[in-house]
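*Asks:* below is the sequence, then the predicted model.
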Amino acid sequence: QVQLVESGGGLVQPGGSLRLSCAASGFTLDDYAVGWFRQAPGKEREGVAFISHIDNSAYYADSVKGRFTISRDNAKNTVYLQMNSLKPEDTAVYYCAADPLTVVLRFAPGESSHWGQGTQVTVSS
């Protein structure tokens, strides 16, 4: 079965950290760029971090730059999003997506080949 599965979400206090995982099955993430997106209630989906499969270069939205780090472990067929210094405004459902083309993930994410089902992140005291 071809799918992406996110995990690692939860409730954390402001200033805390979480690490999200995006595990692929049925296909090899080595051949795909991967992006993390989030959507809060009443807001548009936002792409927060992307990692290339060509050279592992990463791109971050300004809202998370310096706080979030995206990485990949091809041996585990998994991409991670390390989130530090979390803020209440980071509260959202976080999704990962994969596509052979980074440009699709960044500029036409709805056309991406694979999407996960999402994991809830809540930052609150």
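*Replies:* Thanks, I have the structure now. Owing to the predicted nature of the structure, the values given are computational and were not obtained by experimental measurement.
*Asks:* what's residue 50 in contact with, if anything?
*Replies:* When contacts are counted by Cβ atoms under 8 Å, 6 or more residues apart in numbering, residue 50 touches 33, 34, 35, 36, 58, 59, 60, 70, 102, 105, 106. Any C-beta I mention is one placed from the backbone N, CA and C, and that applies to glycine too.
*Asks:* run through the bridge partners of it.
*Replies:* Partner residues in beta bridges with residue 50: residue 35, residue 59, with DSSP bridges as the criterion.
*Asks:* which elements pack onto the worst-scoring helix or strand of the chain on mean pLDDT?
*Replies:* Taking all helices and strands of the chain together, the one with the lowest average confidence (mean pLDDT, DSSP states H and E) is helix 102-107, at a mean of 92. Applying 3 or more Cβ pairs under 8 Å, 6 or more residues apart in numbering; DSSP states H and E, we find helix 102-107 packed against strand 33-39, strand 46-51, strand 92-99.
*Asks:* from the contacts of residue 50, which is closest to residue 6?
*Replies:* For these, the closest approach to residue 6 (Cβ to Cβ) belongs to residue 36, at 8.8 Å.
*Asks:* for residue 125, see how far away the closest one is.
*Replies:* For residue 36, the distance to residue 125 under the criterion Cβ to Cβ, to the nearest Å works out to 24 Å.
*Asks:* out of those two, which sits in the more crowded spot?
*Replies:* Neighbour totals were compared for residue 36 and residue 125, and residue 36 leads with 28 against 8 (other Cβ atoms under 10 Å).
*Asks:* so the more buried one sits right up against residue 58, yeah?
*Replies:* No. Residue 36 is not in contact with residue 58 according to Cβ atoms under 8 Å; the separation is 10.5 Å.
*Asks:* who touches both of those two?
*Replies:* Between them, residue 36 and residue 58 share these contacting residues under Cβ under 8 Å, 6+ apart: 49, 50, 70.
*Asks:* which pLDDT does the model give the first one?
*Replies:* Same thing as residue 49. Here the pLDDT value assigned to residue 49 is 98.
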